[in-house]
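> can you look at this prediction? I've put the sequence above it.
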Amino acid sequence: MSAAAQISDLITPEALGYTGRIFTIATIYPIAVSYHRPFKTKRTGGFWTDYDLPAAPMEGPPKTIQVSDGLQHEHVAAKTWNNFPITAESIAKDVVRNARETVLGSSVGLGPGVWICAGAVPTDAEIARERTRQMLWFRWLIADGDTNWYTEGRRNQTTDLHRAAAEWMHVDPRNHEWVHLQTRGEVKPCVFCRSQIDGGAAVCPNCQNVVDAALYEELKKVAGVIAKDRASLEADIKAAGIEAPPAPDADTILDATAQESTPGPVRPPVPVIRK
């Protein structure tokens, strides 16, 4: 039997010893995302597959894709790759894990509304659950944007994702000036420790000295409002029964590491005001 014929045989459910069940992944996330994963589910083509999740309109019906059994292309040694059977369920879990756990906010159990359907199509209960979770995530991103901008001296860490969440939630930019302002790349030297800090910082995050006294007094007032918003958000997250995900276990297919800045409790810094 030729190599091509052997591969063709391997990816049939009968040859793999699987039932051939198809799993459905649903998304209500308003941004299209794609995950390039080392799985082969078709008889032709390479050993990597693009799982494309289309953008779903806000408040519109979910978009779905279907996932089938296949082979996992795994690196086992230098220049050596082996192919192992993998179920559609495991592939679906891998794709959803990448969607939900590689974003800002995933450490507290929040993220895009992407999930594996219990059946062939998403149910009303699933949609309602994921819509609640996603809306809480949008609120978390807005709170994180406020924290970066106003209280933590990390204005250059306010991203396009924070701004997108503000747009989706129709926030008033007059109360969140970072929605339309960007400071990426704008830095200034701290007059006390000479380290390079964000151009809009009131307090140096390195030496904790106040570098802009007038702005600092304004931000103390804002910090109280932000703290109340954060407390309300945390209460709503708890009420929704959302918990931080557990650490990856032994059956994790391929760990996807997320580089994220997770804000702690919102608190004004303890600065040193020098005359």
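Alright, I've got the coordinates.
> please count neighbours and contacts with C-alpha atoms only from this point.
Fine.
> where does the residue nearest the centre of the chain land in three-state SS?
Centroid-nearest residue in the chain: V103, 1.7 Å away (criterion: C-alpha atoms, centre = their mean). For V103, the assignment made with DSSP: H, G, I helix; E, B strand; the rest coil gives coil.
> against A56, how distant is it?
18 Å (C-alpha to C-alpha, to the nearest Å).
> likewise for L215?
40 Å.
> the more surrounded of these two?
Under the criterion of other C-alpha atoms under 10 Å, the comparison of L215 against A56 puts A56 first, with 19 against 15.
> so that one touches T64, yeah?
No: the criterion here is C-alpha atoms under 8 Å, and A56 misses it with T64 at 9.5 Å.
> joint contacts of those two?
Contact with both A56 and T64 is made by residues T27, according to C-alpha atoms under 8 Å, 6 or more residues apart in numbering.
> ok, A202 - contacts?
A202 makes contact with 153, 210-213, 215-216, according to C-alpha under 8 Å, 6+ apart.
> rerun that using 6 Å as the cut-off
210-212, 215-216 (C-alpha atoms under 6 Å, 6 or more residues apart in numbering).
> can I get those residues in JSON lines including pLDDT and distance to A143?
What follows is the contacts of A202, written out as JSON lines (pLDDT from 0 to 100; distance: C-alpha to C-alpha, whole Å):
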{"residue": "V210", "pLDDT": "88", "distance to A143": "23"}
{"residue": "V211", "pLDDT": "89", "distance to A143": "24"}
{"residue": "D212", "pLDDT": "87", "distance to A143": "23"}
{"residue": "L215", "pLDDT": "80", "distance to A143": "20"}
{"residue": "Y216", "pLDDT": "81", "distance to A143": "19"}
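> of those - the most surrounded one?
V210 (23 neighbours).
> strands - which of the contacts of A202 land there?
Among the contacts of A202, DSSP state E puts none in strands.
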